[in-house]
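task: produce atomic coordinates for the following.
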Amino acid sequence: MIKCIAIDDELSSIEGLKKYISDTPNIVLVNSFTDPIIALKEISGMEPVDVIFLDINMPQISGIELSKALRSKTKKLIFTTSHQEYAFQAFEVDADAYLLKPYSYARFALILNRMFPEVSEKEQEVVSKNEGDYFLVKNKEEEYKAVMVHYANIIAFESFHNYVKIHTVGKVIIAYLSLKDVREQLNLRRQFIQLHRAYIVSINQIEHIDGSKITLSNKLSFSVGDIYMNVFRDFIADKLIISNRKK
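Now for the predicted structure:
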């Protein structure tokens, strides 16, 4: 279980972080503080935790200064702030990550996955021995509970109004994301390709290609968008095997 502490002078930010934590398996909030001076006094006498979420722009003492006193009390230090200009200072004091407010649940979960890649014994029964590559996302179809999504099970990401449909083997997840969020926040790597403004697809899940029409393993199909035609041609040229024999 990941034990964490939150320090932020804005109560709304604390409440938002609490909600993200409550929706995420294997993490618990040990304590939270809106007064950095009280936080310094109390945490100094506490047992170390796994992660401290720390705002930067606070009264009396900044998060940068506070982090110097509390760094030994946590394995991981994650700054949360609305001010991008503090990023360099944050990493100068040995911060592990930097969350720029307002940050999405997807971003929060991605940072946690990077900080704590190990999986609990119970979760390990669900995760394939060879596949620890996953992320967490809130599913609209399951009352916004956080669900685990394995990259290997993804068929496609589909833009859907203000949401993204994540087509996976077995079910469709509807997440409050955009395809831009997907591209920027997820580790898509080379097994995914975007060939239409509304779709990012798994190359492994392409069933067949007929001209410029793509059909996936779940029978979802679409025609390659004009602006993606060069990407499509390069993909075909790289992957299509043609016999050199004369007919």
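
okay, CA-based contacts and neighbour counts for the rest of this
Fine.

can you name the residues that contact K138?
K138 makes contact with 105-106, 144-147, 174-176 under the criterion CA atoms under 8 Å, 6 or more residues apart in numbering.

out of these, which one has the lowest pLDDT?
By pLDDT, A106 ranks lowest within the contacts of K138, coming in at 80.

three-state assignment of I193?
strand (DSSP: H, G, I helix; E, B strand; the rest coil).

burial of it, as a residue count?
18 (other CA atoms under 10 Å).

just checking, it touches S202?
Yes - at 6.5 Å, I193 counts as touching S202 under the criterion of CA atoms under 8 Å.

go through the contacts of K138 and flag which are in strands.
The strands, defined by DSSP state E, take in 145-147, 174-175 from the contacts of K138.

can I get those residues in JSON lines with distance to H161?
Listed next are the ones in strands among the contacts of K138 as JSON lines, based on distance: CA to CA, whole Å:
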{"residue": "K145", "distance to H161": "20"}
{"residue": "A146", "distance to H161": "21"}
{"residue": "V147", "distance to H161": "21"}
{"residue": "I174", "distance to H161": "11"}
{"residue": "A175", "distance to H161": "11"}
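
tell me the one of those nearest I21?
A146 (10.1 Å; CA to CA).

could you give the bridge partners of that closest one?
On the basis of DSSP bridges, A146 is bridged to K138.

any idea how far it lies from L186?
Using CA to CA, to the nearest Å, A146 is found at 16 Å from L186.

the more surrounded of the two?
Shown here are A146 and L186; by other CA under 10 Å, A146 has more neighbours (22 against 15).

got the domain boundaries for this structure?
2-115, 135-239 (automatic domain parsing).

now do stretch 225-232, average pLDDT.
Mean predicted confidence for stretch 225-232 is 90.

just checking, which helix or strand of the chain averages the lowest pLDDT?
Across the helices and strands of the chain, mean confidence by mean pLDDT, DSSP states H and E is lowest for helix 121-124: a mean of 40.

so how do I select the buried members of the ones in strands among the contacts of K138 in ChimeraX?
To isolate the buried ones among those in ChimeraX, judged by 16 or more other CA atoms under 10 Å, type:
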select :146,147,174,175
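
between the ones in strands among the contacts of K138, which is nearest F53?
Using CA to CA, A146 comes nearest to F53 of the ones in strands among the contacts of K138, at 20.0 Å.

from T34, how far out is the closest residue to K73 other than its chain neighbours?
Distances taken as CA to CA, 6 or more residues apart in numbering place P48 nearest to K73, at 4.3 Å, with adjacent residues excluded. The gap separating P48 from T34 is 19 Å, by CA to CA.

just A95 next, same as before
20 Å.

flag the shaky bits of the protein, pLDDT-wise.
The model of the chain has pLDDT under 70 over residues 84-93, 118-132, 240-247.

how about the helices in it?
Here the chain has its helices, by DSSP state H, at 11-22, 36-44, 63-70, 87-92, 105-115, 121-124, 179-185, 229-239.

got these as CSV, with mean neighbour count columns?
Output for the helices of the chain, formatted as CSV (neighbours: other CA atoms under 10 Å):
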stretch, mean neighbour count
helix 11-22, 15
helix 36-44, 15
helix 63-70, 18
helix 87-92, 14
helix 105-115, 18
helix 121-124, 10
helix 179-185, 14
helix 229-239, 12
